[in-house]
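>>> Following is a predicted model, sequence given first.
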Amino acid sequence: METATASTRFVVGLGNPGEQYARTRHNVGFRVAARLAKLWQASGPRNAFGGLLYDATVFRGRAARRAMLLTPMTYMNRSGQAVREMLTFYKAAATDVLVVLDDMALPPGRLRARAEGSAGGHNGLDDVLAALGTQQVSRLRIGIGSPPGRMDAADFVLSCFTEREAAEIDVTVEQAASAVEDWVFDGIERMMEKYNRKEDSA
């Protein structure tokens, strides 16, 4: 069985498989993972653990870290099994994982990192936490805005961004990719200090 080194990091982007979901609000986690795979010139993807898995060596100056990128293909609400199987295979801990996901509680383009806590109503993250049996899982939330009027939340997250929001989200995906790379080398505390706004740190 292959094992990970102590410096290996695992990044999980949450979303739904299929072209019909590719540009929806719920799939920004997939988009960040795809951007990282390109930036890091990762090998893959290959089918593994019920998802698509990329393997990369990330460089910063003379430092190098191995990073595994996983996008579960089990649909959002069943993301946890893929994450658990990956960590079991590589004999890694939940604290070695960063989950990238969308967040309706944040305005479009806003980033918020956390080292632990509840799922905050996000079914994908909730399934990951349940599968791993702990809330001590780092996560990077990406704001997608809140439903207008009486629009159902489930319909909203499966809708596409407006033209104005889409341009902002493209920039945010780049920022989120940079944030993930910072996490790979510097950890969650430094990531929180750098990317969370002051009012989030209270």
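Here it is on my side, so go on. These numbers were taken from a predicted model, which means no experiment stands behind them. Residues are numbered from 1 along each chain as shown.
>>> in what helix or strand does residue 124 lie?
Assigned by DSSP states H and E, residue 124 belongs to helix 123-132.
>>> can you check residue 193 too?
Using DSSP H and E, residue 193 sits within helix 188-195.
>>> what residues does that helix touch?
98, 111-115, 138, 140, 175, 179, 182-183, 201 (C-beta atoms under 8 Å, 6 or more residues apart in numbering). (Glycine included, C-beta is placed from N, CA and C.)
>>> quick one: average confidence on the host helix or strand of residue 31?
Element membership for residue 31, per DSSP H and E: helix 28-39. For helix 28-39, the mean per-residue pLDDT is 98.
>>> At which residues are the strands of the chain located?
Read by DSSP state E, the chain holds these strands, from start to end of the chain: 9-13, 43-48, 51-60, 63-72, 97-103, 111-114, 138-143.
>>> Return the fifth one as PDB; C-alpha atoms alone will do.
Provided in PDB are the C-alpha atoms of strand 97-103 (Å, rounded to 0.1, in the frame of the first residue of the first chain):
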ATOM      1  CA  VAL A  97      -6.800  17.700   4.400                       C
ATOM      2  CA  LEU A  98      -8.200  21.000   3.100                       C
ATOM      3  CA  VAL A  99     -11.700  21.100   1.700                       C
ATOM      4  CA  VAL A 100     -12.600  23.800  -0.800                       C
ATOM      5  CA  LEU A 101     -16.300  24.600  -1.100                       C
ATOM      6  CA  ASP A 102     -18.900  27.200  -1.800                       C
ATOM      7  CA  ASP A 103     -20.700  29.300   0.900                       C
END
